[in-house]
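Novice: fold the following, please.
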Amino acid sequence: MSESDVIRMVNQIALFFAPYPESDAIDGIHDHMMKFWPPAMRRELASVIQRSPGPPAELHPLALLAAQRLSVAPPA
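Specialist: The predicted structure is shown next:
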């Protein structure tokens with residue numbers, strides 16, 4: 001899956017959870033990725049963030065916060 005597809009998909013999830021309180025939104029986005037995304041997609045998103053010198057501009061702020069938890073989350 002391409003980098004742009006992964007970013008687009010996580011941003012869609014973030015937009016769904018955006019009306020929730022921030023901590024609930026971050027939990028919801030993270031839980032969705034852990035339940036429904038294969039490990040390869042989670043690794044691609046983590047790689048995008050790691051390669052970027054700063055927060056990727058195209059990534060929704062809630063998606064970034066949830067994705068940063070991927071590296072500390074237990075394997076699915």
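Novice: how confident is the prediction for the nearest residue to Tyr20 once chain neighbours are set aside, by pLDDT?
Specialist: Leaving aside its sequence neighbours, Tyr20 sits nearest to Gly28 (CB to CB, 6 or more residues apart in numbering; 6.4 Å). Where C-beta positions appear, they are placed from N, C-alpha and C, glycine not excepted. On the pLDDT scale, Gly28 is placed at 98.
Novice: surely Gly28 meets Phe17?
Specialist: Yes - Gly28 lies in contact with Phe17 (CB atoms under 8 Å); the separation is 4.4 Å.
Novice: so which of those two has more stuff around it?
Specialist: Each of Gly28 and Phe17 has its neighbours counted (other CB atoms under 10 Å); Phe17 has more, 22 against 17.
Novice: count the residues that sit near Met9.
Specialist: Residues lying near Met9 (other CB under 10 Å) number 18.
Novice: OK, contacts around it?
Specialist: Contact analysis of Met9 by CB atoms under 8 Å, 6 or more residues apart in numbering lists Met41.
Novice: swap the cut-off to 10 Å and go again
Specialist: With contact set as CB atoms under 10 Å, 6 or more residues apart in numbering, Met9 has these partners: Met1, His32, Met33, Phe36, Trp37, Met41, Leu45, Ala63.
Novice: top of the residues you listed by number of neighbours, please.
Specialist: Ala63 (28 neighbours).
Novice: from the centroid of the chain, which residue is nearest?
Specialist: By CA atoms, centre = their mean, the chain has its centre lying nearest to Ala67, at 3.7 Å.
Novice: pull out the buried positions in the helix or strand of the chain with the lowest mean pLDDT.
Specialist: The weakest-scoring helix or strand in the chain, judged by mean pLDDT, DSSP states H and E, is helix 39-51 (a mean of 91). For helix 39-51, burial by neighbour count (16 or more other CB atoms under 10 Å) applies to Met41, Arg42, Glu44, Leu45, Val48, Ile49.
Novice: hmm, who's touching that helix?
Specialist: Contacts for helix 39-51 (CB under 10 Å, 6+ apart): 1-7, 9-10, 30, 33-34, 37-38, 55-56, 58-59, 63-64, 66-68, 70-71, 73, 75-76.
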